[in-house]
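Peer 1: Structure, please.
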Amino acid sequence: MTAFPKRPVAAIPVLAGFALLCLALPWRAAAEEVSAWTVEIRDGAVHPESAGTLRATEGNTVEVTWTVDEEILLHLHGYNVALRAGPDAPAVMRFEAHTAGRFPVEGHGYSHGDAILLYIEVWPR
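Peer 2: As a prediction, the model looks like this:
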């Protein structure tokens, strides 16, 4: 015979003295899992060089903080996320990784020309 864990039971009054018993289940908010990186674009190159591919897990929140030396439009293909970044302050690209795959981040309008800067890989859970 299987033993059930002891949990508090709450009684909720329903219609003239009858009670509906319900099992009070513990409730916890799911902890948000964040995959975060800081990437710098300087003189047309991504720094650190190891940032060529960022890896996250499906279901996580992805957060990439960008610092750039001039105005640029960053476009994450596949998720259709766009972010304008400038040299005055870091810019944060944040999205929910809902689809697995390999997605390029392309820079548009940069003096060194439009180019794929890095890839974000989202692995299935």
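
Peer 1: Validate this expectation: Ser35 resides in a strand.
Peer 2: Yes - counting by DSSP: H, G, I helix; E, B strand; the rest coil, Ser35 is located in a strand.

Peer 1: Quickly note the distance from it to His47.
Peer 2: In this structure, Ser35 lies at 19 Å from His47, with C-beta to C-beta, to the nearest Å as the measure. C-beta here means a position set from N, CA and C on the backbone, and glycine is covered the same way.

Peer 1: List the contacts of stretch 64-80.
Peer 2: Outside stretch 64-80, the residues that touch it by C-beta atoms under 8 Å, 6 or more residues apart in numbering are 36-43, 54, 81-87, 90-95, 99, 101, 103-111, 117, 120.

Peer 1: How about the contacts made by the residue nearest the centre of the chain?
Peer 2: Within the chain, one residue has its C-alpha closest to the average C-alpha position: by C-alpha atoms, centre = their mean, that is Thr61, at 1.7 Å. In this structure, Thr61 makes contact with 32-35, 94-97, judged by C-beta under 8 Å, 6+ apart.

Peer 1: Show me the beta-bridge partners of it.
Peer 2: Applying DSSP bridges to Thr61 gives these bridge partners: Val34, Glu96.

Peer 1: Right, I'll leave it there.
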